[in-house]
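In: Mind looking at a prediction? Sequence and model below.
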Amino acid sequence: MLHNKIYYFAAVIPVYGKKIQKGLITDNRLAYISGIMKCYNCNNEQDKEVEDCDDHANKCGDQFSFDLTTALLADQKLIMVNSGEWERLRDGILNSIDAEHNRLDNKEKRTLLRFGDVSMLQGWMEEKGKFTSEHPVIKANDISDPLHDQINVFRDTMMEPGILWIDDLHLLLQPDSQAYQETLMTHLRHFVRINLEPNGSVETRKTIIVTGENVDIGGELRHESLRIELPLPNIPVLKRIMEMIADENDLSSEQVDISDEFAQTAVGLSTQQAMAAFRKAIVNTGGLTGDEAMKLIIKTKSTIVAESGCLEFLELDVDMDSVGGLENLKRWMEVSRNAYSIKAREENVPMPKGLLMVGVPGCGKSLTAKAVASTWNFPLIRLDIGAAFGGVVGQSETNIREALKIAEAASPCVLFIDEIEKGLAGAGGDGNLDSGVTQRVFGTILTWLNDVEKPVFVVATSNNLSNLPPELKRKGRFDEIFFLDLPGEDSRMEILQIHLKKWAPTLMHDGGLAEIAKKTVDFTGAELEAIVKDAKKLAFSLDQPVSIEHLKDKMKSCTPMAKSMKDDIDEMRTEADLIGMRASLVNSKNDSGTKEVRGRTF
């Protein structure tokens, strides 16, 4: 049994209403009181003010409770939280109520009321450890079912300071819903602006918190409300969850790998999802240790994350040795990799934000993204912007925010945005075609690119610079913009050898290969790969080993796409030389054998 650690859940793991009699948690209240609230109720040897705590986010609690307590102390009236993790939300709200109570020298403590579609209105009773309609405040007030009536009673009749938590009713609060337009918007606005007690005094300690998977209050209230994020569990929290699940299943210390590497496999999951993944691993492997359990958790995570519709964890089956040419890009990546080292953090070296790769389709942009993640040993997450668009007002922006939140939780990672110009088509227009949804999604991504502090390395690709909004191409948005040109002769030889190593290794050093590399001017890397594969199929159909003649046969039957894109490629080269860098030392246009580089070099 793992009895040598004490859990400090800090509004992360739900423990209300039950006791875990394993020796680790013996009091359902203590489980979240200890280590609570980031300096407002610091668990260190002496109390500290927030500015005195060196590492309050990790030592003294969770970010959500800290932000919520700050909002309560600042008398924020209307708060929105995009999350469906009601147990974490409940514990975080209760934490913040306690922390505010302590900070205000034990002034009257807030009452917590919760309104939901099924349970209707209930109050939190400390002694019972649950919400109940038997709460004295509810029994003392005649509260009817409509939500707007309950808002009025909460504001005008209830004497105690409190929080009205409206959970999973965000669809009623959508700007285009009839209920919102007819009643709720007006009542919420009056609640924010008019807070008079029955005796005529102004009440300053009543707050409404709206939570749900897709909370988006209309423009009438957006400037009067505050949005607070509930972050996904980080590695320390996931390790605590592992310990709890291990204790729940009576696992010994040898059956549990409480390491950062193992916990990293569940990064990007919610608390409930992580619990389910860990339990599944125990059922199938008998513990939480070893490669088999890690692979199972990663597979579970990939399935869960894929359900979001716009994120996908990609398997890494290539490395930089699989990429031919691109000398400048490879050198830049090697230097950027060092900026993630521990020494770089100690020296306050800026972390790389990412790069934008532009070029003709088939020149290795997607392959390079996978190779970067594999070489750096980072997980690779693909973001499909187009799949994030939804029919409900605000859903598209919420989907993007949630996807970026998962990417931050999974950091360090590589976030791969393939063909970004397609997902943002119309971002540079006036917004008339889609009511400005694309512009808002684009703005969300730009803001995140500018503000992200986690080690999320963004690799975006585009087939044409001219199709990208100017805001995305300005210096500083990405660390560098690389143009992946058609490969030069040496690069073509390298690409051919890479693919021959897999399909026809006996031809890798054949003297006739140089002739093919010389004659495949304007061929992309993908077209060179196709020549090798088609030659393999041809030789197999003839019951012969692959030969140079088979390669020549397929070379002659392949017309490179670049021949029909000459003007577009020349235009991209010109713009890339002005705002970016060539990824290769030479290209198909200067195949003379010289190593002169057009544009900037690294």
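Out: Ah, there it is.
In: show me the contacts for the closest residue in space to Arg477 that isn't next to it in sequence.
Out: Of all residues not flanking Arg477 in the chain, Leu449 sits nearest, at 5.9 Å (CB to CB, 6 or more residues apart in numbering). C-betas here are computed from N, CA, C, even on glycine. Neighbour list for Leu449: 353-354, 458, 477-478 [criterion: CB atoms under 8 Å, 6 or more residues apart in numbering].
In: Helix or strand next in line after the strand or helix carrying Thr461, which one?
Out: For Thr461, the host element (DSSP states H and E) is strand 456-462. Sequence order places helix 470-473 as the next helix or strand after strand 456-462, per DSSP H and E.
In: Note down every partner strand of the next helix or strand after that following helix and its orientation.
Out: Tracing the chain past helix 470-473, the next element assigned as helix or strand by DSSP H and E is strand 480-484. Using DSSP bridges, strand 480-484 pairs in its sheet with strand 354-359 (parallel), strand 581-582 (parallel).
In: Mind listing what's buried along strand 480-484?
Out: By neighbour count with 16 or more other CB atoms under 10 Å, strand 480-484 contains the buried residues 480-484.
In: Put the alpha carbons of the helix or strand just after that strand into CSV.
Out: Next along the chain after strand 480-484, taking DSSP H and E as the criterion, comes helix 489-503. Extracted in CSV, the C-alpha atoms of helix 489-503 (Å, rounded to 0.1, in the frame of the first residue of the first chain):
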residue,chain,number,x,y,z
GLU,A,489,20.5,17.8,-57.4
ASP,A,490,22.3,16.8,-54.2
SER,A,491,19.1,16.8,-52.3
ARG,A,492,17.3,14.7,-54.9
MET,A,493,20.1,12.2,-54.7
GLU,A,494,19.7,12.1,-50.9
ILE,A,495,15.9,11.7,-51.1
LEU,A,496,16.2,8.9,-53.7
GLN,A,497,18.6,7.1,-51.4
ILE,A,498,16.3,7.5,-48.4
HIS,A,499,13.5,5.8,-50.2
LEU,A,500,15.6,3.2,-51.9
LYS,A,501,16.9,2.1,-48.5
LYS,A,502,13.4,1.0,-47.7
TRP,A,503,12.3,-0.4,-51.1
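In: Give me the buried positions along the helix or strand just after helix 489-503.
Out: Counting by DSSP H and E, the element after helix 489-503 in chain order, helix or strand, is helix 513-519. Residues 513, 516-517 are the ones in helix 513-519 that count as buried (16+ other CB under 10 Å).
In: Check stretch 463-473 too.
Out: 463-465, 468-469, 472-473.
In: Distance to Ala387 for those residues - can I get that in JSON lines?
Out: Output for the buried residues of stretch 463-473, formatted as JSON lines (distance: CB to CB, whole Å):
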{"residue": "Asn463", "distance to Ala387": "19"}
{"residue": "Asn464", "distance to Ala387": "21"}
{"residue": "Leu465", "distance to Ala387": "24"}
{"residue": "Leu468", "distance to Ala387": "20"}
{"residue": "Pro469", "distance to Ala387": "20"}
{"residue": "Leu472", "distance to Ala387": "19"}
{"residue": "Lys473", "distance to Ala387": "24"}
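In: Which of those sits closest to Val360?
Out: Asn463 (7.1 Å; CB to CB).
In: for that closest one, phi and psi?
Out: phi -90, psi -10 (degrees, to the nearest 10).
In: was I right about it contacting Met357?
Out: No: Asn463 lies out of contact with Met357 (CB atoms under 8 Å); the separation is 10.1 Å.
In: what angle separates the strand holding Thr461 from strand 354-359?
Out: Here strand 456-462 points in a direction 20 degrees away from that of strand 354-359 (axes from the mean of the first three to the mean of the last three CA atoms, to 10 degrees).
In: Strand 456-462 packs against which elements?
Out: strand 354-359, helix 365-376, strand 413-417, helix 420-423 (3 or more CB pairs under 8 Å, 6 or more residues apart in numbering; DSSP states H and E).
In: do you know how far Leu472 is from Ile417?
Out: Applying CB to CB, to the nearest Å, the value for Leu472 to Ile417 is 11 Å.
In: If you could redo that for Val305, that was the one I meant.
Out: For Val305, the distance to Ile417 - CB to CB - is 16 Å.
In: got it, and Ser584?
Out: Relative to Ile417, Ser584 is positioned 22 Å away (CB to CB).
In: Between those two, which is the more surrounded one?
Out: With other CB atoms under 10 Å as the criterion, Ser584 and Ile417 differ in neighbour count, and Ser584 comes out ahead with 25 against 21.
In: Next, the contact list for that one, please.
Out: 325-329, 484-485, 487-488, 491.
In: Name the nearest residue to it, sequence neighbours excluded.
Out: Using CB to CB, 6+ apart, the nearest residue to Ser584 is Gly325, at 4.8 Å.
In: burial count for that neighbour?
Out: Neighbours around Gly325, by other CB under 10 Å: 26.
In: same check, this time on Phe191
Out: 23.
In: one step back: what are the pairing partners of the strand holding Thr461, and which direction each?
Out: strand 354-359 (parallel), strand 413-417 (parallel).
In: and of the ones you listed, who's closest to Val192?
Out: strand 413-417 (36.8 Å).
In: how far off helix 365-376 does that closest one point, in degrees?
Out: 180 degrees.
In: gap between strand 413-417 and the chain center?
Out: Here strand 413-417 is found 10 Å from its chain centre; the criterion is CA atoms, centre = their mean, to the nearest Å.
In: do stretch 269-289 as well
Out: Worked out by CA atoms, centre = their mean, stretch 269-289 lies 21 Å from the chain centre.
In: tell me which residues in that stretch are buried?
Out: By neighbour count on 16+ other CB under 10 Å, the buried set for stretch 269-289 is 269-271, 273-275, 277-278, 281-282, 285, 287-289.
In: which residues are in contact with that stretch?
Out: Residues from elsewhere that reach stretch 269-289 (CB under 8 Å, 6+ apart): 12-14, 85, 87-88, 232-233, 237-238, 241-242, 245-246, 249, 251, 254-257, 262, 266, 292-293, 296-297, 300-301, 304-305.
In: One more: stretch 133-153?
Out: 111, 113, 115, 119-125, 157-158, 160, 162, 164, 166, 169, 172, 179, 183-184, 186-188, 191, 208.
In: again with stretch 328-340
Out: Contacts of stretch 328-340 (CB under 8 Å, 6+ apart): 320, 323, 344, 349-352, 355, 357, 368, 372, 375-376, 412, 455, 457, 479-480, 482, 484, 581-585, 597, 601-602.
In: Restrict that stretch to CA atoms and write it as PDB.
Out: C-alpha atoms of stretch 328-340 as PDB (Å, rounded to 0.1, in the frame of the first residue of the first chain):
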ATOM      1  CA  ASN A 328      19.400  25.600 -43.300                       C
ATOM      2  CA  LEU A 329      16.200  24.400 -41.700                       C
ATOM      3  CA  LYS A 330      18.000  21.400 -40.000                       C
ATOM      4  CA  ARG A 331      20.700  23.700 -38.600                       C
ATOM      5  CA  TRP A 332      18.100  26.200 -37.300                       C
ATOM      6  CA  MET A 333      16.200  23.300 -35.600                       C
ATOM      7  CA  GLU A 334      19.300  22.100 -33.900                       C
ATOM      8  CA  VAL A 335      20.000  25.500 -32.400                       C
ATOM      9  CA  SER A 336      16.400  26.000 -31.400                       C
ATOM     10  CA  ARG A 337      16.400  22.600 -29.600                       C
ATOM     11  CA  ASN A 338      19.000  23.900 -27.200                       C
ATOM     12  CA  ALA A 339      16.700  26.700 -26.100                       C
ATOM     13  CA  TYR A 340      14.600  24.100 -24.300                       C
END
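In: All set now, cheers.
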